[in-house]
Structure formats: C-alpha cells, structure tokens
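**Q** Sequence and predicted structure, then a few things I'm wondering about:
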Amino acid sequence: MADGRLFLFGAPRLEPAEGLEPLASRKGLALLAYLAAHDAPQTRATLATLLWPEHDQAGAHANLRRTLYRARRAVGRQPLAVTPTHLALRRSAGLWVDLWAFGERLASWSRHAPSSPAGGEALRAAAALHHSELLEGFDLAACTRFEEWASFERNAPTRALTAALERRAEASLHAGEAGEAVEAARRWLARAPLSEAANRMLMRALAAAGEPAAALERYEGLRRMLDQELAVAPDPSTDAIRDAIRAGLPLPSASPSAAPSAAPVAAPVAAPEVRYVRSGDVHIAYQVVGTGPIDLLVAPGFVSHLEHIWRSAPLRQALSRLASRSRLILFDRRGVGLSDRVGVPPTLAHTAKDLGTVLDAVGSHGAVLFGFSEGGPAAALFAALHPERVRGLVLYGTMARGLRAPDHPWALEEAQFDTWLARLVARWGKPVPHEAFAPSRVDDRELWTWYAELLRLGSSPGAVRGVLGALKTLDIRPLLPWVETPTLVLHRTGDRIVGIGAGRHLAAHLPRSRSVELEGDDHWWWLGDADAFLLAVERFLDERTEASAGDPLVTVLCALPGSADRGAAVRDDGAGPRWVQFDDPLQALRCAQELAGAPSDPPPRVGVHCGVHAGRRGGVRTGPGTEPGPCSQRALEAAAAARPGETLVTARVQAFGAATGFSFEPRRPANDDVASRGPWWALR
C-alpha cells in the first residue's frame, strides 16, 4: 500500500494512504504540521495550549484527544508515536512529508561540491518541492501561539534554499558553468525578487553566458520594481555591472572590498562553519573562529544571522580583528537567525541558558562575555548565575531596564517605544536607512541593503514584535549588585538607540565595573570610531587572559514539614528539614513553586514551609551528623520563618527571580525568633 503524503509547502493538505480517511480538520492539519516541523516529541500540554487556547486545561486536552483520533484514522497508527504525555511523527513510517524530503535534498546538496552535477540535481529537487512558502495562506486566527510559531517557521526553508542557490550560482560562475549559474540565480530571484544581490548575480551570469541584452533587460526590470515598490534607485554596485555590460568591459568584482581600518588590521577570515547544539528541545546555531588565548562569546542584539553577518565588509573586518586576539564564539538566539524558530519570543532566562549551552558545546570554562544592546542583560544574568564560568564581562550600548520609570529616565516611554517599533516593522526588510542605528552612515546604500537582508533572514515583522516587545518588561536592576564579575562598560555618548544615561547607570551599580565613554553616535559597535571600541576590548581581554573566573554559587532549597504550630516545623521529630542543592537559583524557585502548589491568600494553615538561599559552594554541609553549613543554615532559617505553604527567599535569590519574571512581596516572618535574620521575600 502506498504511503500517505503530507504537503506543508503552500496550504497544508493530506493525501491519505489507500483505505484511510481524509482529514478535513484544520486543527488536525495544524497538529500534523507542528509535529512534522519538530524532531523531538511534543508534550500533550504544549499541543493542547497551542491549538485550543480558549479552553481550560480539561477542555483543551479533550479536544486534542478527539483531533488525535481523527489524525490517526487519516495517517494510520504507525506514523504517530503516542504516549500518555507526548506525541511525535515518526519518519519513514508510512508517511511522506514534503518538508522532510526538502530537508533531505538540501542535506544531500551540502555533501557535494557547490558546482558539482550531483549537488545541482539535489538542489533542483529541493527547489521543486519548495513551490510556495511553508503553510502559505493557512492560519488559525484564534490560536495566537500557533500563529506566532508559524510566523517564525514560515520563512526558514526559503532562507535555507536561497542561501544554497546563492552559493551554487557563485560557484558555477567561478567554474565557468554560466548556464548552471543562470539557472541557480533565476531560482534564487524567484524567491527573493527584491534582492539586488540576486539580480546582480543573474546579470553577471547572463553576461557570462553570452546574453548581454537579457542582462540589461534584467537591470531595467529591477530598476522599475525598486521605483514602484520602494521608491529607490538601484545600488551603485548594480549600476556598475550594467555600465560594464553596456561597454563590453570586464565586470567588477562581486565581493565588496573591505573598509579601511585604523590601527592593527587583521586579515579577514572566511565565514566559519555553522554548527548546532541542542538546548532542551531547541537547536542553537553557533560558530567558532580564531585560536586566541581567551574565549570571547558575543551575545547579539535583537536580530542576527551567522552567515549574513560575514557579508558586511566592516563587520567582517571587526570580527576578524577580535578573532585574531581570542577564540571568538558567535551564536544566534533561539527564534532568530539560523537557530530554531520556536514560535514564542525567547525570554531572558532562555537566552542565558542557551549561552551556557554554547559554552558547553565548545568546551569553554572561563570566557569573557560581550553583551551588545539587547544581548547585554542576558550576558549579565549568566555572569551572575555562573561566575565560575566567566572571566570578564563587556557590556556595550545596553541597558538594565527597557522602558522609562521615575527612577530610570534614560529609556523611552511606552507610547514612544510602540511608535518606534511600529516604524521599524513598517520598514522591515526594505533597503532604507534606519538612521538611529548608524547616523554616520545614513547615506551608505550598501550598508542599508545589507541590513535589509539581515532583517529578512534573521526574523520577520510579526516575530520581532514579540522579541522586542519583551523589552517592555525587562528590568534587571535588582540583579546588578550581584554581578561580581569584572566588567567593562562601553557606551557612545551620542547613542540614539540606548542613551548614555543607561550606560552610566550600569557602571554606577555594577560593583566591579570600569566605564569607558566613546565619542560618536553610532549604536552599532563596528561602525564610527570602531578602532577606539576594539582597542578598549583588546586591552580588557589582555587583562583577563591570565585571570581566573569567579567562585561558583550554589542555591539551597530547604523544605520543612508543614504544621499550624511554627515550633513543630523545626523540632527533630523524625521528619526534619530536607535540603535540595541547585546550581541555578531559577531552578530552585521553579521547584519551590511546584512544592507549594497554587498560591492562595491567605496561605493554608498546613503545608510545606520552604526557604531558598544562594551562596558559595563551600558553605554547604548537610551530611549525617553534621551541622548545616552557612548556605544550608540560611535556607533553614528562611524555611522556619515561612508560613505554611509559603516559600521565603533571601536577597540574592529575590534579585535573580525579580529580574527573570518571578513575583515577590516583602514578608515579616511569622516566627519572631528568626525575624532579625531577614530580610525575607515571599515567592508569589
């Protein structure tokens, strides 16, 4: 019996195998699409919330069971892996999926030389499958999280295919295979009609194939389209190719020359290999370049793309210079660039976790972290959580809080922020200046063409609303006193994206910081007086190369058996305190929430009393016959001060939690005997 066939490019549809039923349910198709796009099994809870957000938990799970029943009647029992808690689609189990076949063809292409016949055949097969965008025209209007996921996911296959077609066209042209270059460039252009790079490639390929008239006709088509769609003229580099074709002269180089740089100039390195590491269920893309004596990891801003960043001459030159002095580690945050599109905006805690996962993947145990713009708070959080893994912290053009407050006047009001975000989204992917990012280069057409493509490759208008919208709740000010890593705070005095006041606030509240204020108003560190920035970073790297990382932290959760009698909670009655040790205060807070159950007001009279404290690892001693060490003792005191069903935390834990979305309120202990050992905060 022939396998069933699931088509996800274009509007999703299922052709059931013989003897099976058709699937008319849109939610059923959405379920299969979501499972097909994820290699890992998905929890029933996730799927129920994703597809039936309007229902309570019981109703959503009931709908999932009914939809799963219909889906199994349509695809058969073998393709669907079903457990009481998880669902997955098995590959090679009686169901063919065009998205899977597309990925297999691209993987086959990558195993061959870019200009080889076998590679070309694999790429043609991938392009044939990719006749439309993923899930094009399909929506579930009431399912916001599904729509957000689809928005993240939809363009990923297009980006992968166009990157491969670009490489194929360039390699074929270099190998003298002009016909192959024309074919690849046409396929690329069909998927990115406004890309001047694709149009230039086709013009070059047509000229090499002996078709100068067709190349000039392509130029005229591009000129008209840019005028009608964007009201802009072609880039000067495009005009230069046209002029050379008209005059019958050799075509100018396809690669722009690197911008001149002051001071030490490192030879530009080749774009490094993109690798992947799994962080939970999400694959994080990263690169490693350079072999210097110290690791330098860059936490990027709101949009990045590991391959495209190397196509900017000034950025490539700046990264090459950093790589000449360090082992440079780059990554795309989850939901952005080449990392998995997860359907929900990454949280501060997610980014910090992924940062650690990348450090694990490259075997780094004492790195300097460089947090740029929106990447700064996550770098600071990781340094505070794991001081033993960080030798130093560089913060540039970043902030502690996303919106203005009475005690933080260096950010935008919410209405101003919304206006700025709407303007950014309205111009998304268009080669027009975003003046505030780089005022010194407002007339640099090549820069804004590169940036427009970075936006298109790195994210999408809907997705970036979620990513940048998270800045509205960003506030890591409580965390700053606990960042004990030596820190270099760099900020340009005229920065229009993040004002200098935000940098001065960081420098004033980070206990081991040094501030360097740079002249200029470009927010992007690799533009303007990039040499001053790079010299400051290089000196800091030299200082930290022989330095050790900080001492590790440990978080201790102490649970006491519940009682309405506060004294009974601390008596040695055979059910005494229980300690659990964590390397991460956030894990301890989540565990405490599970132990306490749903919060209630007033708290119950009987329940587990919990206390959480974070301190140095050497202070933990809870073995048989030993007195609790300092960390365990502080957690015990907090638990003893807690009401039944309540968790009290000490100052450092409250700071970590407040910076990452946990809620607390000051608490006077019910037991006056330990009141003086506070302050305490109750976890809500």
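**A** Done, it's in.
**Q** mean confidence score for stretch 456-475?
**A** Taken as a whole, stretch 456-475 has a mean pLDDT of 90.
**Q** Check which residues of that stretch are buried.
**A** Of the residues in stretch 456-475, 456-460, 463-468, 470-471, 474-475 count as buried by neighbour count, 16 or more other C-beta atoms under 10 Å. Bear in mind the C-beta positions are built from the backbone N, C-alpha and C, glycine included.
**Q** quick check, Leu315 in a helix?
**A** Yes - the assignment for Leu315 by DSSP: H, G, I helix; E, B strand; the rest coil puts it in a helix.
**Q** For it, give me its contacts.
**A** Ile309, Trp526 (C-beta atoms under 8 Å, 6 or more residues apart in numbering).
**Q** Equivalent analysis for Val277, please.
**A** Here Val277 is in contact with His283, Ile284, Tyr286, Thr357, Val358, Asp360, Ala361 (C-beta under 8 Å, 6+ apart).
**Q** repeat for Gly292
**A** Contacts of Gly292 (C-beta under 8 Å, 6+ apart): Ala323, Ser324, Arg325, Ser326, Arg327, Leu328, Leu541.
**Q** Among the buried residues of stretch 456-475, which ones are in helices?
**A** Arg456, Leu457, Gly458, Ala463, Val464, Arg465, Gly466, Val467, Leu468 (DSSP state H).
**Q** Can you tell me which of these is nearest His386?
**A** Using C-beta to C-beta, Val467 is the member of those that sits closest to His386, with 23.9 Å.
**Q** helices or strands next to the helix or strand harbouring Gly657 in the packing?
**A** Taking DSSP states H and E as the criterion, Gly657 maps to helix 651-659. Judged by 3 or more C-beta pairs under 8 Å, 6 or more residues apart in numbering; DSSP states H and E, helix 651-659 is in contact with helix 376-385, helix 585-596, strand 609-616, strand 664-667, strand 680-683.
**Q** Would you list the strands that the last one pairs with, along with their directions?
**A** In the sheet, strand 680-683 lines up against strand 647-649 (antiparallel), strand 664-667 (antiparallel) (DSSP bridges).
**Q** got CSV for the ones you listed, with distance to Ala411, mean neighbour count and mean pLDDT too?
**A** Shown next, in CSV, are the strands paired with strand 680-683 (distance: least, C-beta to C-beta, whole Å; neighbours: other C-beta atoms under 10 Å; pLDDT from 0 to 100):
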stretch, distance to Ala411, mean neighbour count, mean pLDDT
strand 647-649, 28, 32, 94
strand 664-667, 23, 14, 90
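**Q** I'd like those laid out as JSON lines, including distance to Asp529.
**A** Below are the strands paired with strand 680-683 laid out as JSON lines (distance: least, C-beta to C-beta, whole Å):
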{"stretch": "strand 647-649", "distance to Asp529": "45"}
{"stretch": "strand 664-667", "distance to Asp529": "43"}
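**Q** Which of those strands sits closest to Leu226?
**A** strand 664-667 (54.0 Å).
**Q** Show me how far the closest one is from its chain's centre.
**A** Centroid separation for strand 664-667 versus its chain: 32 Å, with C-alpha atoms, centre = their mean, to the nearest Å.
**Q** now stretch 203-210
**A** For stretch 203-210, the distance to the chain centre is 39 Å (C-alpha atoms, centre = their mean).
**Q** and if you look at stretch 224-241?
**A** Computed by C-alpha atoms, centre = their mean, the chain-centroid distance of stretch 224-241 equals 33 Å.
**Q** Touching it from outside, list them.
**A** For stretch 224-241, contacts defined as C-beta under 8 Å, 6+ apart pick out 193-194, 196, 199-200, 203-204, 207, 215, 219, 222-223, 242, 251-252, 256, 430-432, 445-446, 449.
**Q** Could you do stretch 59-68 as well?
**A** Contacts of stretch 59-68 (C-beta under 8 Å, 6+ apart): 25, 27-28, 31, 44-45, 47-49, 51-53, 55, 80, 82, 87.
**Q** Buried ones among those?
**A** Applying 16+ other C-beta under 10 Å to the contacts of stretch 59-68, the neighbour count classes Lys27, Gly28, Leu31, Arg44, Leu47, Ala48, Thr49, Leu51, Trp52, Leu80, Leu87 as buried.
**Q** And for whichever strand or helix holds the third one, what's in contact with it?
**A** Same thing as Leu31. Counting by DSSP H and E, the element that carries Leu31 is helix 26-36. Residues lying outside helix 26-36 but in contact with it, judged by C-beta under 8 Å, 6+ apart, are 6, 8, 12-14, 23, 42, 47, 50-52, 63-64, 67-68, 70-71, 74-75, 80, 87-89, 97, 99-100, 135, 138, 140, 143, 146, 149.
**Q** My read is that Arg578 contacts Cys558, right?
**A** Yes - Arg578 is in contact with Cys558 according to C-beta atoms under 8 Å; the separation is 7.1 Å.
**Q** who has more neighbours, these two?
**A** Counted by other C-beta atoms under 10 Å, Arg578 and Cys558 do not tie: Cys558 has more neighbours, with 27 against 14.
**Q** ok, now which ones touch that one?
**A** Cys558 touches Pro577, Arg578, Trp579, Cys610, Gly611, Val612, His613, Ser632, Ala635, Leu636, Ala638, Ala639, counting by C-beta under 8 Å, 6+ apart.
**Q** what's the nearest residue to the fifth one if we skip its chain neighbours?
**A** Distances taken as C-beta to C-beta, 6 or more residues apart in numbering put Ala638 closest to Gly611, at 2.7 Å, once the chain neighbours are dropped.
**Q** gap between the one you found and Val554?
**A** 15 Å (C-beta to C-beta, to the nearest Å).
**Q** So between these two, which is more surrounded?
**A** Using other C-beta under 10 Å as the criterion, Ala638 and Val554 rank with Ala638 on top: 30 against 21.
**Q** Pretty sure Val649 is one of the things the more buried one touches, is it not?
**A** Yes - Ala638 lies in contact with Val649 (C-beta under 8 Å); the separation is 6.5 Å.
**Q** where does the stretch 1-150 of the chain have low pLDDT?
**A** 1-2, 92 (pLDDT under 70).
**Q** what are the ranges of the strands in it?
**A** 4-7, 13-15, 42-43, 80-82, 86-89, 95-97 (DSSP state E, counting those that start in this stretch).
**Q** Same question for the stretch 201-350 of the chain.
**A** 275-279, 282-289, 295-299, 327-331.
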